[in-house]
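Colleague: Predicted model and sequence below, questions to follow.
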Amino acid sequence: MANNEELFKQIISHAKEYGFIFPSSEIYDGLSAVYDYGEYGVELKNNIKQYWWKAMVQYHENIVGIDSAIFMHPTIWKASGHVDAFNDPLIDNKDSKKRYRADVLIEDHIQKIEDKINKEVEKAKKRFENFDETLYRQTNQRVVEYQQKIDDITARYAELMNNTDLAGLKALIEELGIVCPISGTKNWTDVRQFNLMFATQMGSVAEGADTIYLRPETAQGIFVNFLNVYKTGRMKIPFGIAQIGKAFRNEIVARQFIFRMREFEQMEMQFFVRPGEELKWFDYWKQNRIKWHQDLGIAPENYRFHDHEKLAHYANAATDIEFKFPFGFKELEGIHSRTDFDLSQHEKYSGKKLRFFDSETNESYVPYVIETSIGVDRMFLAVFSHAYTEEKLEDGSTRVVLRLPAKLAPIKAAVLPLVKKDGLPEKAREVMDMLKPYMMCQYDEKDAIGRRYRRQDAIGTPYCITIDNQTMEDNTVTIRERDSMEQKRVPIKELLADIKF
RNA sequence: GCGAUAGUAGCUCAGUUGGCAGAGCGGCGGCUUCCCAAGCCGCAGGUCGCGGGUUCGAACCCCGUCUAUCGCUCCA
């Protein structure tokens, strides 16, 4: 593990040193958990987005894309559940330094009392023949007292939660004598609340203005445009809407480099299906998405599914595609069967019918939804950290090489005159100009050729094209391949056909 | 947010008891070189994370603070 930590640090510093990722606002000491993409980072990121967009929108005739605004009507976040569900009251124990959700502490306490009741019932079961459990629960004094306690706590707890009465929650925890499972003490901090959505105001006068949230997911922009796209795109079920865009979450702690950032980018697709067919499509997208990952040529053992046992209230099936990051297997992409929850909620809150008329079955219904949701930044980190390799060469030297999939590499080809004389630079410029319209290229004439190869290795350029004296005679160049370091000689006019990405 | 660790040139780091701010690599400009980093010459690059205190004098001691990594916690 210490080794992996070391490796992860090297990856982070490589990303910075070679212009992939910089800490945000660095000259002002940085801004916690926010990062900027540099000159190569933006290329890699754009290539990832393009690879996704092509796989989803271009290859699927029944999927179209949209680009919805980050600002949305505030009621959308009430309908989606984000306003309520993403407000966790948190409390710390000062002795153990552990943090808990205040509501979970209280619920656990209630559970303990319930356990006591069950114990009584079990005991009684053994003692009496012809045991009537319902009657026992209603009449046994101890059980009745426990049950009253539960009802009392539950009622007060519900009210406190509804009123977001944080001081009241703390008082209740203290009154119930809830202790920290680790330290065993009742030395609690105040209950604090972290709203996971960033809020701002729309309108020039703050007082009269509505609170607007920066979207915490791109999915809702798709749901609220369901009707528009369905009609203008002449879509027939099953069909999908894809979107790539920024989302914002005020994470309590954002860690692990770009894995969890406060501002991040999502690639989401919502696939609308006939009710009852959702699990079939869930399975289809599960297979389709894992294939997308593996088509990059990254070994399959780096991926695994993690099926959710506990499902969110809106889902009836959910799985994560996890990737083996340097800090362990972590979620890279989520595939969720969201039922008709979102569209139904928006029907309720907007008063508009969000239904599809199925001419095959001659009925109209709220479609069920399969969602695929992947973080661009996480995908970047997956690809980047997997590609980073320190290699020991035969001569005992080492080289750092980014074995990026060629189609994602920021620079596809470097054009290098072997020496800076004899007209080689001029010839190299010609080759450069020929390739430029078709791919990102780089020209470099500084330093010994070996050093230039290493520089390209460090940013993951799959091909180095070298112009030498023979080029001047027969218009051929050498192509040096990044991973094998092998070279072959090809005519300049065949160069474009020979570079594959 | 709590705890641990760290922060000196672009990177990696040294800096003696508190006494002139250093090295290697990298970058840039040359020289050399016909194929895989570490040949030669030269140049640039520093609020020692930031703020305060102690001191004749602070990169070094003290206090505060920011940022990062890890752990706890949370998670679409």
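Modeller: Happy to help now that I have it.
Colleague: what residue ranges in the stretch 351-500 of chain A score low on pLDDT?
Modeller: A:396 (pLDDT under 70).
Colleague: End to end on stretch A:60-69, go ahead and measure it.
Modeller: In stretch A:60-69, first residue to last residue: 24 Å (CA to CA, to the nearest Å).
Colleague: What of stretch A:320-333?
Modeller: Stretch A:320-333 has an end-to-end distance of 6 Å (CA to CA).
Colleague: What is the least confident helix or strand in chain A?
Modeller: Within chain A, no helix or strand scores below strand A:192-195, which has a mean of 68 by mean pLDDT, DSSP states H and E.
Colleague: helix or strand right after that one?
Modeller: strand A:199-202 (DSSP states H and E).
Colleague: helices or strands up against the helix or strand containing residue A:465?
Modeller: Using DSSP H and E, residue A:465 sits in strand A:463-467. Here strand A:463-467 touches strand A:413-417, helix A:424-435, helix A:449-459, strand A:476-481, going by 3 or more CB pairs under 8 Å, 6 or more residues apart in numbering; DSSP states H and E. For every residue, glycine as well, the C-beta is placed using N, CA and C.
Colleague: can we see that at 10 Å?
Modeller: strand A:413-417, helix A:424-435, strand A:441-443, helix A:449-459, strand A:476-481, strand A:487-491, helix A:495-498 (3 or more CB pairs under 10 Å, 6 or more residues apart in numbering; DSSP states H and E).
Colleague: between the fourth one and strand A:476-481, how many degrees?
Modeller: Angle, helix A:449-459 to strand A:476-481, by axes from the mean of the first three to the mean of the last three CA atoms, to 10 degrees: 50 degrees.
Colleague: does any part of helix A:449-459 sit near RNA strand B?
Modeller: Yes: residues of helix A:449-459 contacting RNA strand B under CB under 7 Å from any atom of the strand: A:449, A:450, A:451, A:453, A:454, A:455.
Colleague: Tell me the one among the residues you listed nearest to residue A:260.
Modeller: Distance ranking of the residues of helix A:449-459 next to RNA strand B against residue A:260, using CB to CB, places residue A:455 first at 31.5 Å.
Colleague: related to what we said a few turns ago, compile the helices and strands packed on strand A:463-467 into CSV and extend it with columns for mean neighbour count.
Modeller: What follows is these, written out as CSV (neighbours: other CB atoms under 10 Å):
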stretch, mean neighbour count
strand A:413-417, 26
helix A:424-435, 18
strand A:441-443, 18
helix A:449-459, 18
strand A:476-481, 19
strand A:487-491, 13
helix A:495-498, 14
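Colleague: got TSV for the ones you listed, with distance to residue A:315 too?
Modeller: Listed next are these as TSV, based on distance: least, CB to CB, whole Å:
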stretch	distance to residue A:315
strand A:413-417	45
helix A:424-435	48
strand A:441-443	46
helix A:449-459	41
strand A:476-481	45
strand A:487-491	52
helix A:495-498	48
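Colleague: Near residue A:379, how many other residues are there?
Modeller: Residue A:379 is flanked by 24 other residues according to other CB atoms under 10 Å.
Colleague: and what of residue A:423?
Modeller: Residue A:423, neighbours per other CB under 10 Å, totals 12.
Colleague: Which SSE is immediately downstream of the strand holding residue A:465?
Modeller: The first helix or strand that comes after strand A:463-467 along the chain, using DSSP H and E, is helix A:469-474.
Colleague: Contact partners for residue A:352?
Modeller: Counting by CB atoms under 10 Å, 6 or more residues apart in numbering, residue A:352 touches A:224, A:226, A:227, A:346.
Colleague: Out of those residues, which two sit at the greatest distance?
Modeller: Comparing all pairs in the contacts of residue A:352 by CB to CB, the longest separation belongs to A:227 and A:346, at 9.5 Å.
Colleague: Mind listing the shared neighbours of these two?
Modeller: Taking CB under 10 Å, 6+ apart as the contact rule, residue A:227 and residue A:346 both touch A:352, A:354.
Colleague: Look at the two and report which has more neighbours.
Modeller: Set residue A:227 next to residue A:346 and count neighbours by other CB under 10 Å: residue A:346 wins out with 22 against 17.
Colleague: Dig out what the nearest residue to residue A:238 once chain neighbours are set aside forms beta bridges with.
Modeller: Nearest residue to residue A:238, sequence neighbours excluded (CB to CB, 6 or more residues apart in numbering): residue A:273, at 4.5 Å. The partner list for residue A:273 in beta bridges (DSSP bridges) reads residue A:368.
Colleague: ok so, going back, got the angle for the strand holding residue A:465 vs helix A:424-435?
Modeller: Put simply, strand A:463-467 runs at 140 degrees to helix A:424-435, going by the same axes, to 10 degrees.
Colleague: who's in contact with the residue nearest to residue A:238?
Modeller: Counting by CB under 10 Å, 6+ apart, residue A:273 touches A:237-240, A:279-282, A:284, A:337, A:356, A:367-370.
Colleague: Those residues in helices, which ones?
Modeller: A:279, A:280, A:281, A:282, A:284 (DSSP state H).
Colleague: if we can go back for a sec, are any of the contacts of residue A:273 buried, and if so which?
Modeller: Using 16 or more other CB atoms under 10 Å as the burial test, the contacts of residue A:273 include A:237, A:238, A:239, A:240, A:281, A:282, A:337, A:356, A:367, A:368, A:369, A:370 as buried.
Colleague: what's the fourth one in contact with, if anything?
Modeller: Okay, so that is residue A:240. A:56-57, A:60, A:62-65, A:222, A:229, A:269-273, A:281, A:285, A:369-372.
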